[in-house]
Every structure is written in structure tokens, then in C-alpha cells.
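Trainee: just the structure for this:
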Amino acid sequence: MANRHAIVIGGSMAGLCTARVLSDFFERVTVIDRDSFPEGALERPGVPQSRHVHALLARGRYELDALFPGFERTMLERGAHLINFSMDFAALRAEGWAPRRPDSITTLFASRLLIEAIVRELLRKIANVQMAERTDAIGLVAARDGALRVRGLRVRSRDGGGEREIEADLVADVSGRGSRSPAWLGELGIEPPAETVVDSYAGYSSRWFNAPAPERRPPQWWWKGIWLDPKIPEHMNAGVLFPLERYKLAKAQGKLDLVKSHETFFGNDETQVEATPALIIERGEKVFLPPALVFQGTKDEWTSVELAERLAAAYRGTGGIFDLQLLEGERHTFVNEHPFAPNSVKAVEMVKAFIKKYGSKRQALR
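Mentor: Numbering: from 1, shown residues only. So this is what the prediction gives:
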């Protein structure tokens, strides 16, 4: 078999890793995927499980770093957490809470989005690998020159242009459970391999939370994650609480400009905590405290009600004037999003009244 061109169907983790391996043996490798790959750690339709919890055990990290040198370093630079599970996780086993004990085995915790984004980014740097995005694989191209063999793939771009054939010496289908290879083989008169289904009868339900920085957590929260085993047959459910990389929520919402500006101003979590207004006042730093009016939506996805109330308490504790208005159901940018809504109009009128009352006053904390 010639080793000129290999095609990989599917650009998820399996496909990306397959392409990397084949790049050592073929002159060219093309990855076919129906999605448009996002720039960065963002969601895409082909990976609906990306919102569930993910982690890389030691062997997985080792293999990915061998395939993609710099993978683990880049993961850590982008906010992944390297955690000693037996020491830093609160683990509830069937017989009770597991004792804490340090060992040499660590686990890399991050979102599936970040893991795949970095693997894809490193694969793109390999000169003989190319990505064919927004492209559907619609059938195999076969030749009968003495023996039946696959010589390519029929594809169709989602951006128009009709069907076309891509010649290849090898076609690897790693598109997952939606694979059409069995049907394609049947069309060529080949009996598809037997399919075995192993149903674990397990289901996932996941939710993301905006976690407070370590410095803001209660002292009894020593753990960096939680693991709850089922107790069969009394309790069939299990649960975990895994850490994600920094700015996960903002990145998932596509607010990349916010992330960039935030990273520029706050280099790390420590400087972010240090610059938190409530903590500045609580530390007793010398600051000026003008009368303040703050509108806090109860559905604010950027700032919590608890933090706003903490700031109000610290402000008032020094004799400062702080008017905190909680607005039920509102988001962070409610005025910009709905300037003529009742709460927006109310907020504007309150600002006018506040300026009229306190506009020339200023208080100082020394």
C-alpha cells in the first residue's frame, strides 16, 4: 500500500489523535468533520457531551504529551488543575469518607472543551495535516483491480459546491456511534462486522457553577474536588464536583474580549482577589469612598449577590454610604440589553436622584 494520503473521518479526540499517528507514516493526512472548529475552548455541535465532567488520568496525560509535545504544559498555562486525588479530594466511599493520603499519582482536571482545543491547536502545527471543516463524508470510493479496495472518500461541503471524491490510500473512520461505515461496506457487498452493544445503564446530568476563588472559601473547605460513590443497592446515584479552568463560563459564552481584558488586568487569581473592592476595604487600605449606588441583578452571571452584599457591609462598616439595590431576575447588563424595561427605567431614575443627593459629597477611609 502506498503511503501518500490518509483520510480521517471525524475531528474529535479520537480523530485528532489518529491523524497525529498517521502523520508519521503518510505524506498527507486530511481530517474530515461536519462541524466548523471554534477558535479556542468553545462548544460545537459534534461534541454534545462536552458539558459533562472530564479529567485525564496519568496514562492519558502521558500518551497525549507523547503525541503532542507541550500538551500538559499548555493545559496548565490555560488554567487546568493538576491535583493529587487521594490528598485533595473529599471522597465518600460506600464504607465512609476516605482518609487523606498523599501519593505520586496526579490527575489533570479541565473541561473537555479545553482538552480538545489544545490537542487540535497542536495538531494544526503539523505541516502535513490539514482540516476539512463543514464537510460531510457521504460514501467510500472503491476500486476492483484484482481485489476490492477502498481508494478514497466521497464528500460534500456544507458551504455548497456539490459532491466530490478525495483520493486516499487509507480511510480511517473514527466518527463515533454515528458512523456510517457498516452501511457503506454493505453497499460494496461486504458483510459489516458484528456489532456488540454493552449498555451500562448509566446517565449523566451536569451543571457548571462559578466557583469562588480559594481565598474566599470557608476554611473548612480544604478540598479541591468532591467524589461520591454509590452505595449499591440502597443508593444507585453517584456525584462529583470537578474544578474547571479559569474563565470557563465566560469562554463558553463566547465573551473572549472580556477574558482578554481581564487577563491583562489580573494576571492570576491572586491579583484578582487582591483587587476585589470588598477585600481592599476589609484589609484597611487607605482608599477614598464616595457615596455609591450599586444595582445587582439576582441572575447576574458575572458578580454574585453574596459578593455585592459583602462589599456593601464593608463599605458601610467604615461609615461609607452604599445603596445596594437588588433587582429580581436581572442579568449583569440588563440596562444595555433592555433599556426601556421597567427595571432599567427605574434604575436610571434612581441614578438621577442619587447624583442629585450625593453628587458633591465624598468620604475617605484612612
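
Trainee: neighbours of Arg156, how many?
Mentor: Arg156 is flanked by 17 other residues according to other C-beta atoms under 10 Å. Every residue, glycine included, has its C-beta placed from N, CA and C.

Trainee: then Ser36?
Mentor: Around Ser36 there are 15 residues (other C-beta under 10 Å).

Trainee: OK, contacts around it?
Mentor: Counting by C-beta atoms under 8 Å, 6 or more residues apart in numbering, Ser36 touches 44, 133-134.

Trainee: rerun that using 10 Å as the cut-off
Mentor: Ser36 makes contact with 44-46, 131, 133-135, 158-159, according to C-beta atoms under 10 Å, 6 or more residues apart in numbering.

Trainee: out of those, the closest to Arg316 would be?
Mentor: Nearest to Arg316 out of the contacts of Ser36 is Arg44 (C-beta to C-beta; 46.9 Å).

Trainee: can you classify the closest one as helix, strand or coil?
Mentor: Three-state call for Arg44 (DSSP: H, G, I helix; E, B strand; the rest coil): coil.

Trainee: I figured it hits Leu113, correct?
Mentor: Yes - if you go by C-beta atoms under 10 Å, Arg44 and Leu113 touch, sitting 8.8 Å apart.

Trainee: ok, these two, which is more surrounded?
Mentor: Leu113 (23 against 17).

Trainee: the more buried one looks like it's in a strand, true?
Mentor: No - read with three-state DSSP, Leu113 is helix and lies in no strand.

Trainee: measure it to Tyr204 for me?
Mentor: Distance of Leu113 to Tyr204, computed by C-beta to C-beta, to the nearest Å: 16 Å.

Trainee: point out where the stretch 251-366 of the chain drops to low pLDDT.
Mentor: 251-256, 266-273, 360-366 (pLDDT under 70).

Trainee: and the helices in it?
Mentor: Secondary structure of the stretch 251-366 of the chain (DSSP state H, counting those that start in this stretch): helices located at 256-265, 269-274, 277-282, 305-317, 334-337, 342-358.

Trainee: nearest to Met87, out of those?
Mentor: Proximity of the helices of the stretch 251-366 of the chain to Met87 was assessed by C-beta to C-beta; the nearest stretch is helix 269-274, lying at 20.5 Å.
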